[in-house]
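Participant: predicted model follows, preceded by the sequence.
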Amino acid sequence: MKVVQRPIDEIKPYEKNPRVNDQAVEAVAASIREFGFR
């Protein structure tokens, strides 16, 4: 495996990433508030 260091402004999200979790973040946060983090 080759590791390459790049400036952060060169890093772009992969457009075809199927995982979109904008709504999931709030759902998990609400669950933690309600039930706690174990």
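Facilitator: Everything's here; your move. For clarity, every value in this text was computed on a predicted model and none was experimentally measured.

Participant: A27: what secondary structure?
Facilitator: Here A27 takes the helix state, with states given by DSSP: H, G, I helix; E, B strand; the rest coil.

Participant: from E34, how far off is it?
Facilitator: 11 Å (Cβ to Cβ, to the nearest Å). (Glycine included, C-beta is placed from N, CA and C.)

Participant: more neighbours: which of the two?
Facilitator: When A27 is set against E34 and neighbours are counted by other Cβ atoms under 10 Å, the residue ahead is A27, at 10 against 7.

Participant: so what's R6 scoring on pLDDT?
Facilitator: Looking at R6, its pLDDT stands at 95.

Participant: what is the burial count for it?
Facilitator: Residues near R6, counting by other Cβ under 10 Å: 7.

Participant: could we number from 24 for the rest of this?
Facilitator: Sure thing, new numbering starts at 24, so read that last one as R29.

Participant: helix or strand for S54, which one?
Facilitator: Using DSSP states H and E, S54 sits in helix 45-58.

Participant: output the contacting helices and strands for that helix.
Facilitator: The criterion is 3 or more Cβ pairs under 8 Å, 6 or more residues apart in numbering; DSSP states H and E, and there are no helices or strands that helix 45-58 contacts.

Participant: do you know the pLDDT at D32?
Facilitator: We have a pLDDT of 95 for D32.

Participant: quick check: it vs V51, distance?
Facilitator: Distance from D32 to V51, by Cβ to Cβ: 29 Å.

Participant: then Q28?
Facilitator: Distance from Q28 to V51, by Cβ to Cβ: 32 Å.

Participant: please, which helix or strand holds P36?
Facilitator: Counting by DSSP H and E, P36 is found in no helix or strand.
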